[in-house]
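Q: sequence and predicted structure are below.
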Amino acid sequence: MKKALATITLALASLTMFGQGRVQFNNVSGAADATVAVTVTGNAAAAHAGEGAAGSFVGADYSVQLLWAPQAAYADEASFLAAVIGSSAVTPFFGATGGGPTADGAGLFDAGSVPSPVGTTMPAGTYTMQAQAWYNGGQYGTYTLAKTAGVNTGFGSMFNLAATAFPTAAPNTPITAFSVASPVPEPTVFALAGLGAAALMFARRRNK
C-alpha cells in the first residue's frame, strides 16, 4: 500500500512539473551590449547619488522584476497592471551604476528560470509580460515603494511569450532597451498645488 501511494505521489509530482510553464528572465541572451541595457534618463527629483546621472547604465543598486498577465492587447500599462496574475522574484542588476555593459555588465541582469522554484503561478501557455525596474538602494524592496518615494522607476515594453513546460527548453524573454526616471507627479498633485498657490495669493490680497 505504501509503495502504491509513493508511486501515485511521484506520478502527480511529475505531472505538476510537466504542466508548469517557465521562461528565462534576462536581457543578456544576445550580445552583452548597450542595445538591451537599462539606462537612466533623468534624475529631476533624485534623492540618492546612487541613482546615477542621466545617460548612465543602471547597476546593482537597481532591481528588476517580471510581471505576467493573460495574453491580450492591453491599451496601456494601467490596464495591464490591473490584469497581472503573477510576478517573479526581485533580482538586482549586474555591475556598477554608470559603468559600461561591455566592461562590468551594468544595465544587464539575469534572473534565470521564472518561476523559480517551479510553482503554480504560470501554467504552460502564452502570456503578456512586462519588466519593471527601480532604484532599490537597499531601501525600496518593491517598485511601488520606489515610485511612492519619488526615486527612479521604469517599465519595459509589453511583449507576448509562451511559457513552456519541461522537457521543452524555456525561452529567453525578449527584453528591449528601456530607461528609468523619476516619476512624474500625478495631475491631481499639480491641481492641488495650484489651488494652494491660489489660496495663498487670495489670503495675501485680503491682508493688504
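A: That came through, no problem. Numbers count the residues shown, from 1 in each chain.
Q: could you list the low-pLDDT ranges of this structure?
A: Residue ranges of the chain with pLDDT under 70: 1-18, 30-36, 42-49, 116-120, 184-208.
Q: which helices and strands does the top strand by length along the chain pack with?
A: Identified as the longest strand of the chain according to DSSP state E is strand 125-135. On a contact count with 3 or more Cβ pairs under 8 Å, 6 or more residues apart in numbering; DSSP states H and E, strand 125-135 meets strand 62-70, helix 77-83, helix 143-149, strand 153-155, strand 159-163, strand 178-181. In short, each C-beta sits where N, CA and C put it, glycine included.
Q: helices along the chain, start to end?
A: 2-19, 77-83, 101-104, 143-149, 187-207 (DSSP state H).
Q: pull out the buried residues from the third one.
A: Think helix 101-104. Neighbour-count burial for helix 101-104 flags 101, 104 (criterion: 16 or more other Cβ atoms under 10 Å).
Q: buried stuff in stretch 83-100?
A: 86-88, 91, 93-100.
Q: of the residues you listed, which belong to strands?
A: 86-87, 91.
Q: want to throw the residues you listed into CSV with distance to Pro183?
A: Listed next are these as CSV, based on distance: Cβ to Cβ, whole Å:
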residue, distance to Pro183
Gly86, 24
Ser87, 19
Thr91, 21
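Q: returning to that earlier point: so what are the sheet partners of the longest strand of the chain and their directions?
A: Strand 125-135 sits in its sheet next to strand 62-70 (antiparallel), strand 153-155 (antiparallel), strand 159-163 (antiparallel), going by DSSP bridges.
Q: which one of the ones in strands among the buried residues of stretch 83-100 sits closest to Gln65?
A: Ser87 (5.7 Å; Cβ to Cβ).
Q: quick check: the closest one vs Thr164, distance?
A: 19 Å (Cβ to Cβ, to the nearest Å).
Q: likewise Gly98?
A: Counting by Cβ to Cβ - Gly98 and Thr164 are separated by 37 Å.
Q: dump stretch 98-109 to PDB, restricted to CA.
A: Taking C-alpha atoms only, stretch 98-109 is exported to PDB below (Å, rounded to 0.1, in the frame of the first residue of the first chain):
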ATOM      1  CA  GLY A  98      27.200  54.300 -14.500                       C
ATOM      2  CA  GLY A  99      29.500  51.600 -15.800                       C
ATOM      3  CA  GLY A 100      29.600  50.100 -19.300                       C
ATOM      4  CA  PRO A 101      27.900  46.800 -20.200                       C
ATOM      5  CA  THR A 102      30.900  45.500 -22.100                       C
ATOM      6  CA  ALA A 103      33.100  46.200 -19.100                       C
ATOM      7  CA  ASP A 104      31.100  45.200 -16.000                       C
ATOM      8  CA  GLY A 105      27.600  44.200 -17.100                       C
ATOM      9  CA  ALA A 106      25.900  47.400 -15.900                       C
ATOM     10  CA  GLY A 107      22.400  47.800 -17.300                       C
ATOM     11  CA  LEU A 108      22.100  44.000 -17.600                       C
ATOM     12  CA  PHE A 109      20.500  41.300 -15.500                       C
END
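Q: what sits up against that stretch?
A: The contact list for stretch 98-109 (Cβ atoms under 8 Å, 6 or more residues apart in numbering) reads 26-28, 32-34, 36-39, 52-53, 56-59, 64, 91-97.
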